[in-house]
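Asks: sharing a sequence plus its predicted fold:
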Amino acid sequence: MEKLIGLDLPPGVRNSGTLYQSRNRWAKSHLVRWVEGALRPVGGWVQQTDGNGVPTQTTGKPRGGWSWRKNDASAWLATGTATKLYAFSGSSLALTDITPAGLTGGNTDGSQSGGGLGYGLGGYGVTPYGGFGASIVIDADTWSLDNFGEILLACLTSDGKIYESTPTTQATAVTNAPTGCRAVCVSPERFVFALGASSDPRLVKWSDQGNRTTWTPAAANQAGSFPLQTTGRLIAGRRTTRETLLWTDTDLWSATYVGGNLVYRFDQRGEACGLIGPNAFAIAGGAAYWMGRGQFFSYPPVRPIPSEVSDYVFKDINLTQRAKIAAIPIEQFGEVWWFYPSGSQSGLENDRYVMLNYRDGYWALGNLGRNGGVGAGAFATPMLWDSGGYLYVHETGQSRGGQVAYVESGPLELGDGDQVVRVQSLIPDELSSGNVTAQFFSSYQPEQGELASAIYQLSAKTDVRVTGRQHRLRLAENNIIGGLTADQMVMTADQMTMTADTGPGGGVDWRVGRFRAGVIPGGKR
């Protein structure tokens, strides 16, 4: 007799250790999220074009992103490559090359030199990683971007100067600003901070308040400097509502305005929590989230974020290209996405992502190449660049570049572990659009290879016929496999996941809630 068993898999992915450790959990995912407990695909994306329908594209690979509004309320987006600086207008849809004259271009890719024993000790570029003749990592060069009112500020790591643009004009060096900088940011009190200034990896310099061209301290101004007491190297900074956060590759500091002769107080907020790359942080929901070396962190206060996918992610990252890691907040859904270059791919650019839902505390994974960009804010939707220099408007429509959104479970405990179980049906408690497929992967022994079932169109009650002692379930949208026979639709997850932003058109905004399985227990060994 058929018995109904609730498959109450919680939101999020657990991908750590062995596959069996992900039993009764989702173990793989791609382009999905959970909203109020219901599984759904992420929003689609469309390629940004100008007024003539020509795709927006940079020359070179984008590194960094920043958006803001000018005094006339127009929205702007900035990015740069190893040799260029660009500003995109949300009003005219024009991408303008504002590269400063004489810019010292940098490295498109990270590289290693010296020995070959790997990573381990020291700050970025300060000492050889790992010691004993280990390789020295030379990072890809990246842009640090911020705005001083309506003026864009920018600094390329290979160049070290701080530039400004209106942003419709060619960028020029900020008058009197220090050189040899690693990054620039603007404090909530309107001081411009130069990080790693004068080629000192620990030195913070700041301009007079509200005056980006006055940098020499005097009794009549509040310009100043402070060397952080850290073993790390300053690589990024960002203002929050009350303080300015300063990341090194080993720790986190904050600068708090106190006025008087000191102007700023500097406090170390956390140790052993350094930033893995200059753009691997995001401010979302009133907090900071960032990727460190082997762990994720949040502030305030500094604390590690428990992650059930960190083993997978940090074993997967191509550390030589870590400077390319880009964090993007999607605050509408309470998410931060980190796009990173995987070590298992032949390319050098970001090709995968890990996503944290900081409201509900779950994680998801996927394959998607984005080099950086911004979440919604100045623009109504997230704006992300790919490695080809193309700009995409995300969370728009349901076209996901021909890619299939899916989740795949670990082993499901449908019996007592020693029984052969026949799955007769699947009954979701919520299903919209009917555009979702289900497929089982079953085996009689853990060490045996899995047999893939036919792919079934999920309905209010879906009749299936699979038998085994161990079963895994895959749910996927049906936007590219419609019309195929059951035999043709038996494909692996990798075969059903494209990485190019081309292919058959759109999916739909489907939902799948919790569901039950109708099973018939069989005999034991």
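Replies: It's in.
Asks: what segments of the stretch 1-150 of the chain are helices?
Replies: Taking DSSP state H, counting those that start in this stretch as the test, none of the stretch 1-150 of the chain falls into helices.
Asks: strands of that one, residue ranges please.
Replies: 3-7, 26-30, 32-35, 38-41, 45-47, 66-69, 75-80, 85-89, 95-97, 111-114, 135-138, 143-148 (DSSP state E, counting those that start in this stretch).
Asks: what's the closest of these to residue 414?
Replies: strand 3-7 (5.8 Å; CB to CB). In this view, the C-beta of every residue, glycine as well, is placed from N, C-alpha and C.
Asks: quick check: which helices or strands does that closest one pack against?
Replies: Judged by 3 or more CB pairs under 8 Å, 6 or more residues apart in numbering; DSSP states H and E, strand 3-7 is in contact with strand 515-521.
Asks: mean pLDDT, distance to residue 256 and mean neighbour count for the strands of the stretch 1-150 of the chain - can I get that in CSV?
Replies: Output for those, formatted as CSV (pLDDT from 0 to 100; distance: least, CB to CB, whole Å; neighbours: other CB atoms under 10 Å):
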stretch, mean pLDDT, distance to residue 256, mean neighbour count
strand 3-7, 88, 50, 14
strand 26-30, 96, 40, 24
strand 32-35, 96, 36, 20
strand 38-41, 94, 41, 22
strand 45-47, 97, 39, 18
strand 66-69, 98, 23, 20
strand 75-80, 98, 28, 26
strand 85-89, 98, 31, 23
strand 95-97, 98, 37, 17
strand 111-114, 84, 38, 13
strand 135-138, 85, 33, 18
strand 143-148, 98, 18, 24
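Asks: quick one: closest of those strands to residue 200.
Replies: strand 143-148 (16.3 Å).
Asks: as CSV, the strands of the stretch 1-150 of the chain with distance to residue 328 would be great.
Replies: Formatted as CSV, those follow (distance: least, CB to CB, whole Å):
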stretch, distance to residue 328
strand 3-7, 32
strand 26-30, 17
strand 32-35, 14
strand 38-41, 18
strand 45-47, 12
strand 66-69, 11
strand 75-80, 13
strand 85-89, 16
strand 95-97, 19
strand 111-114, 26
strand 135-138, 24
strand 143-148, 14
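Asks: residue 297 is nearest to which of those?
Replies: strand 143-148 (19.9 Å).
Asks: show residues contacting the helix or strand following that closest one.
Replies: The element immediately downstream of strand 143-148 (helix or strand, assigned by DSSP states H and E) is strand 151-156. Identification of contacts with strand 151-156 by CB atoms under 8 Å, 6 or more residues apart in numbering yields 66, 68, 76, 78, 80, 82, 85, 87, 98, 103-106, 141-147, 161-167, 171, 174, 181-184, 186, 192, 194, 212.
Asks: next, the angle from strand 151-156 to strand 85-89.
Replies: 150 degrees (axes from the mean of the first three to the mean of the last three CA atoms, to 10 degrees).
Asks: between strand 75-80 and strand 151-156, find me the angle.
Replies: Going by the same axes, to 10 degrees, strand 151-156 makes 20 degrees with strand 75-80.
Asks: partners of strand 151-156 in the sheet?
Replies: Using DSSP bridges, strand 151-156 pairs in its sheet with strand 143-148 (antiparallel), strand 163-165 (antiparallel).
Asks: JSON lines for these, including distance to residue 204?
Replies: Formatted as JSON lines, the strands paired with strand 151-156 follow (distance: least, CB to CB, whole Å):
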{"stretch": "strand 143-148", "distance to residue 204": "13"}
{"stretch": "strand 163-165", "distance to residue 204": "19"}
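Asks: out of those, nearest to residue 300?
Replies: Among the strands paired with strand 151-156, strand 143-148 sits nearest to residue 300 (CB to CB), with 21.0 Å.
Asks: starting at the chain centroid, how far to that closest one?
Replies: Averaged C-alpha coordinates place strand 143-148 at 19 Å from its chain's average position (CA atoms, centre = their mean, to the nearest Å).
Asks: same thing with stretch 312-327?
Replies: A distance of 10 Å separates the centroid of the chain from that of stretch 312-327, by CA atoms, centre = their mean.
Asks: do stretch 208-227 as well
Replies: A distance of 35 Å separates the centroid of the chain from that of stretch 208-227, by CA atoms, centre = their mean.
Asks: re the thing from before, out of the strands of the stretch 1-150 of the chain, which gets nearest to residue 453?
Replies: Counting by CB to CB, residue 453 lies closest to strand 3-7 out of those; the figure is 15.7 Å.
Asks: for residue 198, grab phi and psi.
Replies: phi 60, psi 30 (degrees, to the nearest 10).
Asks: how close does it get to residue 180?
Replies: 5 Å (CB to CB, to the nearest Å).
Asks: low-scoring stretches of the stretch 351-500 of the chain, by residue?
Replies: The model of the stretch 351-500 of the chain has pLDDT under 70 over residues 417, 430-434, 446-447, 479-500.
Asks: for the residue minimising distance to the centre of the chain, give me the pLDDT.
Replies: Closest residue to the average C-alpha location of the chain: residue 338 at 1.6 Å, with CA atoms, centre = their mean. Listed pLDDT for residue 338 reads 98.
Asks: and the protein, what are its domains?
Replies: Taking automatic domain parsing as the domain assignment, the ranges for the chain are 3-42+404-521, 108-135.
Asks: for residue 87, name its beta-bridge partners.
Replies: residue 78, residue 96.
Asks: I figured it was touching residue 167, is that so?
Replies: Yes: Residue 87 is in contact with residue 167 according to CB atoms under 8 Å; the separation is 3.8 Å.
Asks: who touches both of those two?
Replies: Contacts common to residue 87 and residue 167, judged by CB under 8 Å, 6+ apart, are 76, 78, 96, 98, 152.
Asks: low-scoring stretches of the stretch 51-200 of the chain, by residue?
Replies: 115-134.
Asks: now the strands for the stretch 151-300 of the chain?
Replies: 151-156, 163-165, 172-173, 183-186, 192-195, 203-206, 224-227, 234-239, 244-248, 251-259, 263-271, 281-284, 287-291, 296-299.
Asks: now the stretch 301-450 of the chain
Replies: Under DSSP E, counting those that start in this stretch, the stretch 301-450 of the chain gives strands at 303-304, 326-330, 335-340, 352-357, 362-366, 372-374, 383-385, 391-394, 406-409, 421-428, 431-432, 436-443.
Asks: export those strands to JSON lines and tack on distance to residue 219?
Replies: Converted to JSON lines, these look like this (distance: least, CB to CB, whole Å):
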{"stretch": "strand 303-304", "distance to residue 219": "42"}
{"stretch": "strand 326-330", "distance to residue 219": "41"}
{"stretch": "strand 335-340", "distance to residue 219": "44"}
{"stretch": "strand 352-357", "distance to residue 219": "47"}
{"stretch": "strand 362-366", "distance to residue 219": "53"}
{"stretch": "strand 372-374", "distance to residue 219": "40"}
{"stretch": "strand 383-385", "distance to residue 219": "45"}
{"stretch": "strand 391-394", "distance to residue 219": "47"}
{"stretch": "strand 406-409", "distance to residue 219": "63"}
{"stretch": "strand 421-428", "distance to residue 219": "72"}
{"stretch": "strand 431-432", "distance to residue 219": "68"}
{"stretch": "strand 436-443", "distance to residue 219": "69"}
